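**Q** Got a predicted structure plus its sequence, pasted below:
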Amino acid sequence: MPTETRIIDLSIIIEPAPGPEHQKLEIKYETHEDTAEYMMMRFECSKEDLPKGLGWANEYVTLGTHVGTHMDAPWHYHPESEGEKAKTIDELPVEWFYGDGIVIDMRHKRPGEIITSWDLKKALHEIKYEINPFDIVLIMTGADELWGTKDYWSQFPGLSKESTLWLCEQGVKVMGTDSAGWDRPFWAMVEEFKETGDKSVIWGAHFAGIEKEYCQIEKLTNLDLLPAYGFKVVCPPIKIINASAGWVRPIAIVEESFLSLHP
């Protein structure tokens, strides 16, 4: 049966946007006019020797590794994982970054709510899917619609230590979310900690990586364009030596039958 392949970009653009201080970035642009003199010097030529007297374009970007769509390595969570030194982003196995994708729809969860393993199991039951080892699990909260606003950083649900460990126990090594963070927003964790004194709520989903080795992608987008499963994800991060994260431009590869597209 003929098929049509769709390739869907799951990353947000790296651009200045409202947000906390640690998310600030700076881009310095050099235009073709700016570099013409430098090219003339390097190539020992005149302006007339360059096409329309122009040089090349260039940019200098200053930003943190957790800005934009990025993958957190176990080193981000803690210096140890599963009793060994936690891996940095350049040490993660490349085999983890290509696999079957699954979207778990959690758009019904309110900002600040916990996404529990029960929530995940219920959603999987509804779509009749069982997670397999090395599946790449993508949590859809709908928070990406808020990108470019201050609410983006605080209005989303998040996973807990319990639900993150449950995914790890299914053999998942790469998981991701379309929100700003894998855990709940800081305000929600602070409120619960003040009410209960339970220190396990402090960054619990990230600290799950102390017990089970895994990595997570934050700030995804376009998950609503994907089927629940039946697609591939490609998401290798940039290898930055000894780093806790690396920028990534994940894509989903969806193959659809010609008949399903043209009934």
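**A** Right, received. Where do you want to start?
**Q** Now do the helices in the chain.
**A** With helices called from DSSP state H, the chain shows them at 36-43, 74-77, 117-127, 161-169, 186-196, 204-207, 258-261.
**Q** mind listing what's buried in the fifth one?
**A** Across helix 186-196, burial judged by 16 or more other Cβ atoms under 10 Å covers 188-189, 192. C-beta: built from backbone N, CA, C; applies to glycine.
**Q** List just the nearest of the residues you listed to His76.
**A** Met189 (16.7 Å; Cβ to Cβ).
**Q** which residues does the closest one contact?
**A** 183, 201-204 (Cβ atoms under 8 Å, 6 or more residues apart in numbering).
**Q** now do 10 Å
**A** Neighbour list for Met189: 112, 114, 158, 160, 183, 201-205 [criterion: Cβ atoms under 10 Å, 6 or more residues apart in numbering].
**Q** How confident was the prediction at His262?
**A** At His262, the pLDDT value in this model is 41.
**Q** on that earlier part again, can you lay out the helices of the chain as a markdown table showing distance to Glu30?
**A** Putting those into a markdown table (distance: least, Cβ to Cβ, whole Å) gives the following:
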| stretch | distance to Glu30 |
| --- | --- |
| helix 36-43 | 9 |
| helix 74-77 | 32 |
| helix 117-127 | 47 |
| helix 161-169 | 43 |
| helix 186-196 | 37 |
| helix 204-207 | 38 |
| helix 258-261 | 44 |
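**Q** Which one of those helices lies nearest to Ser11?
**A** Nearest to Ser11 among those is helix 74-77; the distance by Cβ to Cβ comes to 18.6 Å.
**Q** So the residue lying closest to Ala73 once chain neighbours are set aside versus Gln23, what's the distance?
**A** Distances taken as Cβ to Cβ, 6 or more residues apart in numbering put Ile89 closest to Ala73, at 4.1 Å, once the chain neighbours are dropped. In this view, Ile89 and Gln23 are 18 Å apart by Cβ to Cβ, to the nearest Å.
**Q** the more surrounded of those two?
**A** Using other Cβ atoms under 10 Å, the more surrounded residue of Ile89 and Gln23 is Ile89, with 26 against 18.
**Q** So which helix or strand of this protein has the lowest pLDDT on average?
**A** The helix or strand of the chain with the poorest confidence is helix 258-261; it has a mean of 49 (mean pLDDT, DSSP states H and E).
**Q** Show me where the stretch 151-263 of the chain has its strands.
**A** Taking DSSP state E, counting those that start in this stretch as the criterion, the stretch 151-263 of the chain contains strands spanning 158-159, 174-177, 215-218, 229-234, 245-247, 251-257.
**Q** and those, which one's lowest on average pLDDT?
**A** Considering the strands of the stretch 151-263 of the chain one by one, the lowest average pLDDT is found for strand 251-257, at a mean of 90.
**Q** hang on, isn't Asp224 packed against Asp144?
**A** Yes - using Cβ atoms under 10 Å, Asp224 makes contact with Asp144 at a distance of 8.6 Å.
**Q** which residues are common contacts for those two?
**A** Common neighbours of Asp224 and Asp144 (Cβ under 10 Å, 6+ apart) are Asp178.
**Q** quick one: which of these two has more around it?
**A** Just comparing Asp224 and Asp144: by other Cβ under 10 Å the higher neighbour count belongs to Asp144, 22 against 13.
**Q** Contact partners for that one?
**A** 10, 12, 69, 152, 156, 177-180, 219-224.
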